[in-house]
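> model the following, please.
(chains A and B)
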Amino acid sequence: MYLYDQYDQRQVDARVEEFRDQARRRLEGKLTEDQFKPLRLMNGLYLQLHAYMLRVAIPYGTLNSRQMHALADIADRYDRGYGHFTTRQNIQYNWIKLEEAADLLADLAKVEMHAIQTSGNCIRNISSDHFAGAASDELVDPRPYAELLRQWSSFHPEFSYLPRKFKIAVIASDTDRAAMRLHDIGIQIVQQDGELGAAFYVGGGMGRTPMIAPCIKDFVPLDRLVTYAEAVLRVYNRYGRRDNKYKARIKILVHEMGKDEFTQAVDEEFARMLDEGIEPPFAELERIRTFFEDPLFEAGASEEIDRGDPDFALWVDRNTVAHKAPGYVSAVISLKPVGGIPGDATSEQMRLMADLAKDYSFDELRVMHTQNIVLPHVRKADLHALWTALDGAGLGAPNLDTIEDIIACPGLDYCSLANARSIPVAQKISERFAANGKTEALGQLKLKISGCINACGHHHAGHIGILGVDRKGVENYQLLLGGSEAEDVSLAKITGPGFDEAGIVDAVETAADVYLREREDGERFLDTYRRIGMTPFKEALYG
Amino acid sequence: MRILTGNDLKTGAVTWWTGQDWSLHVENAVDVTGSEDEIARREESARRVNVPYAIDAELHEGKPRPAHIKDRVRALGPTVRPDLTLKPADPDIGNWVI
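Predicted structure coming up:
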C-alpha cells in the first residue's frame, strides 16, 4: 500500500499544528463558533447530536495492521472504546473532546492518517473497490489511480470551496463494488485496443435527488486522467449553483445542462488545459503503482478447505470471495452480528482484526462501503484458523450480502440531521430473519436504511430500502424496492404509505415472502422485482 | 415551556441551563420562556456553552422532558447503547425517549 513521502507527512503534520492553534484560539474565545466551524469541518470535526464527532479518512478503504491498531488506540484514549465504519470507507468516532482533538490528529498523523477533507464542500475521500488488487475479475488494481487522484485533490486550492461536497470512486472491473455510478465522478479503468484508459461517469449521487451518473467519456488516456478530472471540476466550479444547497451538487448541473451540453463544456475546458501542464509526469503514476504491487503469494498454495465443521463451511460459502491468486480468497469480516449495530467495532475487535491481517493477509485490511472489513489475501489453508479467531470475538457472522448484512446510517441515535433512528430497525430486521430462518432461502438481498433524506444509508440503492422520516414528531419509515448500487444500477421506488417501527419490520418480511412465492429459478430478489414489478408487493403490503 | 440547551465547549457534552449553571441532566433544566435569547447571548460570550438554543419541552412527572424525539435522544444518549446514556442502569430508559 502507499506510504507517505516527506511531502505527504510534512503537509499532514503542518495541518495538525495549524488545527492545534485554531482549537486553542477557539477555547480561549479568540474565535467565535461561526469563525471556527468551517476550520474544524475542514479537519473532519463535526458537532453532532451528543458530542463532537471526528470522521477519519481511509483512502480507498485500505489499511495496514499498524493503522488499525492506531484506530483502536484512539477509540480507547479519546473515545468510548469503539468506532463506526461508514458507507464511504471511513471511520467515525462519536465522543471526541475539542480540547483533545489536536492530540488525536497528531496520533493519526504518526500512522499516516488524517481527517482532512472528510467534511466541507471539497473533494472527499476517494473510494474504490474493496477487493482491489485481489479480485479475480479486475483489469488492473484501481488504487494507484485513486491514490494519484487523492494526491491531486488534497489541498487543491481551486477546489476547496466548491458549490457542494464532491465524491469520487474508482474501479477497474465490470463488476461494480463501489457504487461507482452513484458518485459525483465515477471512474472505471478500461482497456481499448490494448491501451488502458478511464471511462468517466459524472453526475451521480443519492441524497434527496438520487441520480445515476451518465457516461460522459468512455475513454480518457491515463496520461490525461488528472487533466480530465480537473476539467470536470472546473466546469462544476464555474456553473454549479451556489444559491441553493439542495441544488448545488454536480448531478443537478449535469441534469439541468443535459449530458451532451455538459460534456461539451468539459471537453472544451479539457482542450484548453492540455497546454497548461497540469498532468503529473507519467513517472509519478508509475512510482505510485510500485506501492500496490502484489504481495508474494505462495506458489502452489492448497485449494483444499476442510469443510467438516458446518458452521465454518457456511461462513466460507457466504463470506469468502474468489481471488486472482490460486489457493487464496478474500475473506469478509462481518460487522453485522445478529441484533448488532452495523459498522460498529470495539477497540478489542479492531486489534484482533489488525493482528489477523498481519498473520493471514499480508498486513492488509480493507473497509467496505457496506460497513464490513475485508482481509484481501487469505490462504484457503488458513481459513479455519482465521474463522475460529473471528467467531470467538463475535466477528464470525456468515451473512455477506444477505438480508442480515444491512447497511444503516447512524440515524437519530447519533446524527443531528436524522429524522428517525436507523440502527434499531436494522437490529430488529436482522433478529427477525435470524429467528425465522429465511435468510438462506432469500439469498442475495441487499437492505439499506437511512434515517433521513440525505441517504447516508444508501436506501435508494437497496434491493430493499428503508427511509426514516419525521411524521409530526413520530418516527415513520418508507419502504422502497428495486434499487442497486452495482453494475446493474437502479434507483429504488417507494411502495406507498410508510410504517411505524414495528410495521416496517413486518413489511420487510412481507416483501421477502412475495419474492419467495414469486421467484423463478436462479432469480435474486432484485431480479424477481424487476420481472413482476411493484404491484404484487403493494398488494401484499397494503391489501 | 422552553428550555435552553447547548454543548460544553471543551468536551462537546450536551448541557442544559438550570437557571444558574449548565447541567448534563435535562431534568435540571428550567423554563426560560421570554429570556432565552438574553441568557444564550450572555452564556455563549462567557464561553460557558457552545451554540445554545431553546427548545420546546413539557413537564413529565414534574420534570422537563423535550417535546421532540430528537431532543429526547440528545438529552439521554443513543438508544442503541444504553450503557453510554446518562442512565445506564435503568433498563426502561428507552421508554422515556419513545
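> so what's residue 42 up against?
With no chain named, the answer covers chain A. Counting by C-beta atoms under 8 Å, 6 or more residues apart in numbering or on different chains, A:Met42 touches A:Ile116, A:Gln117, A:Ser119, A:Gly120, A:Cys122. All C-beta spots, glycine's among them, are computed from the backbone N, C-alpha and C.
> neighbour-wise, which of the residues you listed leads?
Highest neighbour count within these: A:Gln117, with 26 neighbours (other C-beta atoms under 10 Å in any protein chain shown).
> ramachandran angles for that residue?
phi 60, psi 30 (degrees, to the nearest 10).
> from chain B, how far out is the closest residue to it other than its chain neighbours?
Leaving aside its sequence neighbours, A:Gln117 sits nearest to A:Arg124 (C-beta to C-beta, 6 or more residues apart in numbering or on different chains; 5.9 Å). Remark: distance between A:Arg124 and chain B (C-beta to the nearest C-beta, to the nearest Å) = 23 Å.
> A:Arg124 and A:Arg164 touch, don't they?
No. A:Arg124 is not in contact with A:Arg164 according to C-beta atoms under 8 Å; the separation is 10.8 Å.
> contact partners for A:Met180?
Taking C-beta under 8 Å, 6+ apart as the criterion, A:Met180 is in contact with A:Ala169, A:Val170, A:Ile171, A:Gly186, A:Ile187, A:Gln188, A:Tyr201, A:Gly204, A:Ala213.
> do that again at 6 Å, thanks
With contact set as C-beta atoms under 6 Å, 6 or more residues apart in numbering or on different chains, A:Met180 has these partners: A:Ala169, A:Ile171, A:Gly186.
> you'd agree the last one is up against A:Phe200?
By that I understand A:Gly186. No. When contacts are counted by C-beta atoms under 6 Å, A:Gly186 is not listed as touching A:Phe200 (7.7 Å).
> so who does the one residue in the stretch 101-250 of chain A that gets nearest to chain B touch?
Relative to chain B, the nearest point of the stretch 101-250 of chain A is A:Ala101 (9.4 Å; C-beta to the nearest C-beta). By C-beta under 6 Å, 6+ apart, the contact list for A:Ala101 reads A:Ala23, A:Leu45.
> tell me the mean pLDDT for the lengthiest helix in chain B?
If you go by DSSP state H, chain B has its longest helix at helix B:36-45. Computed over helix B:36-45, the mean pLDDT rounds to 96.
> figure out how far that helix is from the centre of its chain.
Centroid displacement of helix B:36-45 relative to its chain, using C-alpha atoms, centre = their mean, to the nearest Å, is 15 Å.
> quick one: buried residues of it?
Residues B:Glu36, B:Ile39, B:Ala40, B:Glu43, B:Glu44 are the ones in helix B:36-45 that count as buried (16 or more other C-beta atoms under 10 Å in any protein chain shown).
> same question, stretch A:76-86
By 16+ other C-beta under 10 Å, the buried positions in stretch A:76-86 come out as A:Tyr78, A:Asp79, A:Arg80, A:Tyr82, A:Gly83, A:His84, A:Phe85, A:Thr86.
> and the next helix or strand past the strand or helix carrying A:Asp267?
Take DSSP states H and E as the rule and A:Asp267 turns out to sit in helix A:259-273. Note on helix A:259-273: by DSSP H and E, the next helix or strand toward the C-terminus is helix A:282-289.
> CA atoms only: put that next one into PDB for me.
This file holds the C-alpha atoms of helix A:282-289, laid out as PDB (Å, rounded to 0.1, in the frame of the first residue of the first chain):
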ATOM      1  CA  PHE A 282       3.500   9.700 -16.000                       C
ATOM      2  CA  ALA A 283       6.600   8.600 -14.000                       C
ATOM      3  CA  GLU A 284       4.700   9.700 -10.800                       C
ATOM      4  CA  LEU A 285       1.900   7.300 -11.600                       C
ATOM      5  CA  GLU A 286       4.500   4.600 -12.100                       C
ATOM      6  CA  ARG A 287       6.100   5.400  -8.800                       C
ATOM      7  CA  ILE A 288       2.700   5.200  -7.100                       C
ATOM      8  CA  ARG A 289       2.000   1.900  -8.800                       C
END
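> got the buried residues for it?
Quick answer for helix A:282-289 (16+ other C-beta under 10 Å): A:Leu285, A:Ile288, A:Arg289.
> point out where chain B drops to low pLDDT.
Applying pLDDT under 70 to chain B flags no residue at all.
> what residues does it put near chain A?
Within chain B, the positions lying close to chain A (C-beta under 6 Å from any C-beta of the partner chain) are B:10-12, B:14, B:47, B:50-51, B:68, B:73-74, B:78-80.
> of all those, which two lie farthest apart?
Using C-beta to C-beta, these reach their maximum pairwise distance at B:Arg47 and B:Val80, which is 32.5 Å.
> ok, these two, which is more surrounded?
Legend: neighbour count by other C-beta under 10 Å for B:Arg47 and B:Val80, higher for B:Val80 (21 against 13).
> just give the nearest non-adjacent residue to that one, would you?
In space, and not counting its chain neighbours, B:Val80 is closest to A:Ile423: 4.6 Å by C-beta to C-beta, 6+ apart.
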